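**Q** what follows is a predicted protein model with its sequence.
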Amino acid sequence: LVAAAPGRTPQPARVERVSWKDVVEMWFQAIPGDEDKKIRGVDALKQEWLSRFRTGTVSTDGGGDTIPRTTFESLVREHVIEVLGGKAGLQLRVAQSQAGDRVYCLVRAPTALLEKKAEAIKYKLKFRGEVDPGIEFWQRKEDHDAEGRPIYVELQEEAELYDKNTANEILEDLYHAGKIKTYDARVNDAEEPSKKHWSRRIHTLERIADRVPVTNRYPAYAEFSLKPTVRHLFDEYPSNRGAPQTLFLAKDRLYLTKCILDDYFDFGVLVENGAVVACMALHDASRGEAVTRTWLLKHWVFPLFLATTRGDAGAIVGAPTVSHESIEAGAEAPCPPWLRPWAQPLMEVRRYFGEKIALYFAWIGYYGYALLSPTVAALACQLYLWATGTSDVSRQVHPDAFVLAVFLVVWAATYKEGWDIESKYCAVKWG
């Protein structure tokens, strides 16, 4: 958040004043929710007004009491910081600009608060790959039964049910081996009423602990829950916020933090009315964010100059489409050199900027790649005209133009169907 620092900016000859009536109208719009919540928000600001100016009441005659504009901005700034740091539970750090004309308030949401908000709004997070490793894993067979039918080893193990004592012993062994966390170390009687429930969790934890090979490129997504019996299902990522692992990508943190802010204030209204200068998300490179301007230039704008081995961390160039096998950072085969001009690191873009921006560039990339066909067809027609020494002006019937027109109609229909399919790949891949 960026707010003005009163007293450090040049003041006009005539000081602008703000009436209590104007404050109420603006604040009523700035508080989200129903009318009761808006009224409570106005009352809270009124108490701040009374406390600051040490008056017993606020006059509404002739528009009400008035205060200088700079004093109003200071009141709003302090009230917003008090609400966000108190009621909202956000972590705030306030600093003043070197010029002294701006006050910056850095807002950070603790992990526990993000998890609580994710559950409240039913935010979807990605499952670990080991939850459903893929058809190759489940169809692994080592022998046949008496009737000659294949025995699928993993399916047999998945169907095995444990009694409660055996289940607790297995979970304790996994815990002492450092494979699972404390909340997974025992059978949860409240959430796991039968053998089927705790046995299924044990099998999943064993697959995660064994790091079984994952071939499923489209893992499932589900609404996040704070229940300890399902927490192991959700994927974790390297954290740059102190903890070794986190459930949230950069785009998740930003979205959930914005949702928390929106529960208390509509900052668009505050910015529009000049009560707050700006509200923006910051890139924190000092915290280890992988995506930087240099990274984007290297991997997105100039991917042709990167190494071709996918194992090299610097070789993440993505692919022309999300459905292409080279789109994942851990893909075995790198993007072929002839596709690199249309390749984009769409997974990394989505991880940082979110699905909307990533989907836009996925369409741009798909469209640019699809334009190759009509470009080649049009070029072939033009070469034909040059080779035959004819021109569009010299004749009225143009068979080459007719063929090109038919081709473009077919291409347009094919492009639309292709993008419909590709967009569904994006939807499944990104939840």
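**A** Here it is on my side, so go on.

**Q** and for the lowest-mean-pLDDT helix or strand in the chain, what's in contact with it?
**A** Counting by mean pLDDT, DSSP states H and E, the chain has its least confident helix or strand at strand 141-144, which shows a mean of 72. With contact meaning Cβ atoms under 8 Å, 6 or more residues apart in numbering, strand 141-144 is reached by Pro150, Ile151, Tyr152, Val153. C-betas here are computed from N, CA, C, even on glycine.

**Q** ok, 10 Å please
**A** Counting by Cβ atoms under 10 Å, 6 or more residues apart in numbering, strand 141-144 makes contact with Arg149, Pro150, Ile151, Tyr152, Val153, Glu154, Leu155, Gln156, all of which sit outside it.

**Q** which among those residues end up buried?
**A** Among the contacts of strand 141-144, those classed as buried by 16 or more other Cβ atoms under 10 Å are Tyr152, Glu154.

**Q** redo the contacts of strand 141-144 as CSV? Include pLDDT and secondary structure.
**A** Listed next are those as CSV, based on pLDDT from 0 to 100; DSSP: H, G, I helix; E, B strand; the rest coil:
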residue, pLDDT, secondary structure
Arg149, 75, coil
Pro150, 73, strand
Ile151, 73, strand
Tyr152, 77, strand
Val153, 78, helix
Glu154, 80, helix
Leu155, 82, helix
Gln156, 82, helix
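
**Q** identify, from the contacts of strand 141-144, the entry nearest to Pro345.
**A** Glu154 (33.3 Å; Cβ to Cβ).

**Q** check which helices and strands the lengthiest helix in the chain sits against.
**A** For the chain, the helix with the greatest residue count under DSSP state H is helix 399-429. Under the contact definition 3 or more Cβ pairs under 10 Å, 6 or more residues apart in numbering; DSSP states H and E, helix 399-429 sits against helix 346-353, helix 355-370, helix 372-388.

**Q** elements contacting the second one?
**A** What it means is helix 355-370. helix 250-262, helix 346-353, helix 399-429.

**Q** swap in 8 Å and give it another go.
**A** For helix 355-370, the helices and strands in contact under the criterion 3 or more Cβ pairs under 8 Å, 6 or more residues apart in numbering; DSSP states H and E are helix 346-353, helix 399-429.

**Q** pull up the pairing partners for the least confident helix or strand of the chain, direction included.
**A** Strand pairing for strand 141-144, determined by DSSP bridges: strand 150-152 (antiparallel).

**Q** returning to what we had before: what's the angle from the longest helix of the chain to helix 346-353?
**A** Using axes from the mean of the first three to the mean of the last three Cα atoms, to 10 degrees, one finds that helix 399-429 and helix 346-353 are set 50 degrees apart in direction.

**Q** centre of the chain versus helix 399-429, how much separation?
**A** Here helix 399-429 is found 30 Å from its chain centre; the criterion is Cα atoms, centre = their mean, to the nearest Å.

**Q** one more: stretch 376-395?
**A** 49 Å.

**Q** same deal with stretch 186-201?
**A** Relative to where its chain is centred, stretch 186-201 has its mean C-alpha point 32 Å off (Cα atoms, centre = their mean).

**Q** and what of stretch 258-266?
**A** Counting by Cα atoms, centre = their mean, stretch 258-266 is centred 17 Å from the centre of its parent chain.

**Q** any buried residues in that stretch, and which?
**A** Buried residues in stretch 258-266, counted by 16+ other Cβ under 10 Å: Cys259, Ile260, Leu261, Tyr264, Phe265, Asp266.

**Q** for Val277, state which of those residues is nearest.
**A** Of the buried residues of stretch 258-266, the one sitting nearest to Val277 (Cβ to Cβ) turns out to be Phe265, at 14.2 Å.

**Q** make JSON lines out of the helices and strands packed on helix 355-370 and add mean neighbour count, distance to Lys251 and mean pLDDT.
**A** Converted to JSON lines, the helices and strands packed on helix 355-370 look like this (neighbours: other Cβ atoms under 10 Å; distance: least, Cβ to Cβ, whole Å; pLDDT from 0 to 100):
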{"stretch": "helix 346-353", "mean neighbour count": "21", "distance to Lys251": "6", "mean pLDDT": "89"}
{"stretch": "helix 399-429", "mean neighbour count": "14", "distance to Lys251": "14", "mean pLDDT": "92"}
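
**Q** out of the ones you listed, flag the one nearest Arg17.
**A** helix 346-353 (42.1 Å).

**Q** format the helices and strands packed on helix 355-370 as CSV; extra columns: distance to Gly86.
**A** As requested, the helices and strands packed on helix 355-370 are arranged in CSV below (distance: least, Cβ to Cβ, whole Å):
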stretch, distance to Gly86
helix 346-353, 31
helix 399-429, 39
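
**Q** Ser194 is nearest to which of these?
**A** helix 399-429 (31.2 Å).

**Q** just want the angle from the closest one to helix 372-388.
**A** Using the same axes, to 10 degrees, helix 399-429 lies at 170 degrees relative to helix 372-388.

**Q** which two among the contacts of strand 141-144 are spaced furthest apart?
**A** Arg149 and Glu154 (15.7 Å).

**Q** check which residues of stretch 365-380 are buried.
**A** Applying 16+ other Cβ under 10 Å to stretch 365-380 flags Gly365, Tyr366, Tyr369, Ala370 as buried.

**Q** closest one of those residues to Pro337?
**A** Tyr369 (14.7 Å).

**Q** distance of that closest one from Ser323?
**A** Taking Cβ to Cβ, to the nearest Å as the measure, Tyr369 falls 12 Å from Ser323.
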